[in-house]
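Trainee: Pasting the sequence and the predicted model now:
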Amino acid sequence: MTMSARCLCLILSAALCPAGQAGAQTLELTPPTPGAAPWRIGASIETVYDDNILRIDSDAGRPTADLILRPGAAGRYVRAVGRHELTVEAAADYGYYTGNPDRSRLRARAATAPLLRIGGIEMTPVAKIGVEDADYGDINAALTNRRTTATLGTGLRWAREVGFYPLAEVARDVTRNNAPFGFADQRSTLYRGGIGYVRPSLGRAVAYYARVESRRPAVGIVNRTDRAGLGFSRSVVSHLSIDADLHYLHVDSSGARLAPFSGLGWDGALTVRPGERLAVQLGTSRRIINDALIPSGYAISSEYRVKLRWRVQDRFRLETGAELADRTFRQDQQVIASPIGADRYVLLSGGARRTLQRGLGIAANVQYVRRTTDSGVNAFHATMATLGMSVEL
């Protein structure tokens with residue numbers, strides 16, 4: 001591997017951050033309702049102030065601030081065809097950096113996930129494609145990588161209102177990058193099967209086994225993740241709902257010198273609604289990240305989050321939240337040299353949204369993000385403030 005490629009790998013492996021581009025989610029299409037038009041179309045414009053667009057350590061250098069203009073559009077088509085349901089969605093936006101036009105970036109995605117009912121079987125084919133000028137190199141370097149992702153898969157479930165039912169899922173994910181970042185290309189295949197049980201008075205429970213095989217052809221790495229566990233979801237009362245998934249994780253690799261990982265994983269959320277207008281959500285998860293940004297290994301991530309939503313009036317709501325992620329990276333230093341073995345990521349956010357008449361809406365959002373690392377390399381903090389307006393037809 002050349003020295004330039006090795007340097008790129010250092011930047012890539014350091015740049016894996018849970019947050020994407022800042023935004024107040026100005027454009028929110030109205031959820032489909034019976035009797036409504038099958039299609040919805042919307043457009044938005046956001047103004048974002050980011051005080052550290054290159055995500056550099058403010059102790060090591062002077063951060064670069066910029067004002068970003070982001071126009072966007074989205075559309076959705078939902079229609080019932082007999083017993084089946086068809087859904088197609090698409091969205092795109094372009095962030096123009098007024099002071100640093102070379103940092104301007106595009107995001108676009110499209111997806112379809114119809115629900116097909118064949119006898120007592122529910123089939124959910126899924127197809128997705130996305131293109132983005134990703135933030136990979138935005139830590140201490142002005143690098144840009146246009147990443148293309150695609151997903152194709154399907155799920156099967158024998159629909160029952162009460163009793164046991166089998167389920168199965170298979171999906172294929174492909175990630176491709178620009179030529180300088182081609183070593184981070186990845187192909188992943190998911191297989192999942194299980195038995196579920198549903199009863200209105202008890203909720204829904206699932207026992208399952210899942211396997212994900214992720215291949216990085218350019219560096220000859222294969223990561224295999226096995227997961228077996230139990231999932232449970234129930235609305236205990238109208239003001240309380242629980243979603244929980246506890247499972248055993250095992251990860252092993254070939255083509256790299258990585259010690260296997262075995263341990264517990266989980267994904268849980270508790271939503272409490274003290275009143276009709278207030279909702280508080282607590283969540284936690286422990287998972288394996290098999291991302292193309294970690295070309296020679298994977299990450300073990302423990303995450304905690306809290307979110308509060310307050311509908312002050314029918315057309316006005318407030319949201320605030322906090323997230324914490326502790327991650328440990330397992331990589332083969334003989335393949336990709338990285339100075340970072342672990343990091344901590346903190347995100348604080350708050351926002352407001354006001355819906356006006358005739359489909360108009362305005363939104364404001366503030367985010368603060370901080371990253372610390374065990375070696376001190378590629379640590380940063382940044383504040384982003386967003387003001388946006390949207391219209392829906």
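Mentor: Arrived safely.

Trainee: all helices of this protein, in order?
Mentor: Assigned by DSSP state H, the helices in the chain fall at 3-14.

Trainee: which residue lies farthest from the center of it?
Mentor: Gly119 (33.7 Å; CA atoms, centre = their mean).

Trainee: I'd like the distance between that one and Trp158.
Mentor: 9 Å (CB to CB, to the nearest Å). No exception for glycine: its C-beta is placed from N, CA and C like everyone else's.

Trainee: Apart from its neighbours in sequence, what residue is nearest Gly203?
Mentor: Arg234 (2.8 Å; CB to CB, 6 or more residues apart in numbering).

Trainee: who's the one you found bridged to?
Mentor: Note on Arg234: beta-bridge partners Ile242, judged by DSSP bridges.

Trainee: could you check the distance from it over to Asp93?
Mentor: Arg234 sits 37 Å away from Asp93, going by CB to CB.

Trainee: which of those two has more neighbours?
Mentor: Ranked by neighbour count (other CB atoms under 10 Å), Arg234 and Asp93 place Asp93 first, with 23 against 17.

Trainee: The residue nearest to Gly203 and Ile121: what is the separation?
Mentor: Arg234 is 24 Å from Ile121, by CB to CB.

Trainee: Just the pLDDT at the residue farthest from the centre of the chain, thanks.
Mentor: With respect to pLDDT, Gly119 has a value of 87.

Trainee: Then Ala110?
Mentor: Looking at Ala110, its pLDDT stands at 96.

Trainee: Which residue is the nearest non-sequential neighbour of it?
Mentor: Among residues not flanking Ala110 along the chain, Ala90 sits closest, at 4.2 Å (CB to CB, 6+ apart).

Trainee: Can you verify my assumption that that neighbour contacts Tyr77?
Mentor: No. Using CB atoms under 8 Å, Ala90 is not in contact with Tyr77; the gap is 9.0 Å.

Trainee: show me where pLDDT drops low in the stretch 201-350 of the chain?
Mentor: 256, 292-296, 333-337 (pLDDT under 70).

Trainee: Which residue ranges of it form strands?
Mentor: Ranges of strands within the stretch 201-350 of the chain are 203-216, 221-237, 240-254, 261-272, 278-289, 298-313, 316-330, 342-355, based on DSSP state E, counting those that start in this stretch.

Trainee: among those strands, which is nearest Leu54?
Mentor: Nearest to Leu54 among those is strand 342-355; the distance by CB to CB comes to 17.2 Å.

Trainee: got the buried residues for the closest one?
Mentor: For strand 342-355, burial by neighbour count (16 or more other CB atoms under 10 Å) applies to Asp343, Tyr345, Leu347, Ser349, Gly351, Ala352, Arg353, Thr355.

Trainee: and the angle for that strand with strand 298-313?
Mentor: 20 degrees (axes from the mean of the first three to the mean of the last three CA atoms, to 10 degrees).

Trainee: and strand 342-355, how far out from the chain's middle?
Mentor: Its chain's average C-alpha position is 14 Å from that of strand 342-355, according to CA atoms, centre = their mean, to the nearest Å.

Trainee: Which neighbouring elements make contact with that strand?
Mentor: On a contact count with 3 or more CB pairs under 8 Å, 6 or more residues apart in numbering; DSSP states H and E, strand 342-355 meets strand 316-330, strand 360-373.
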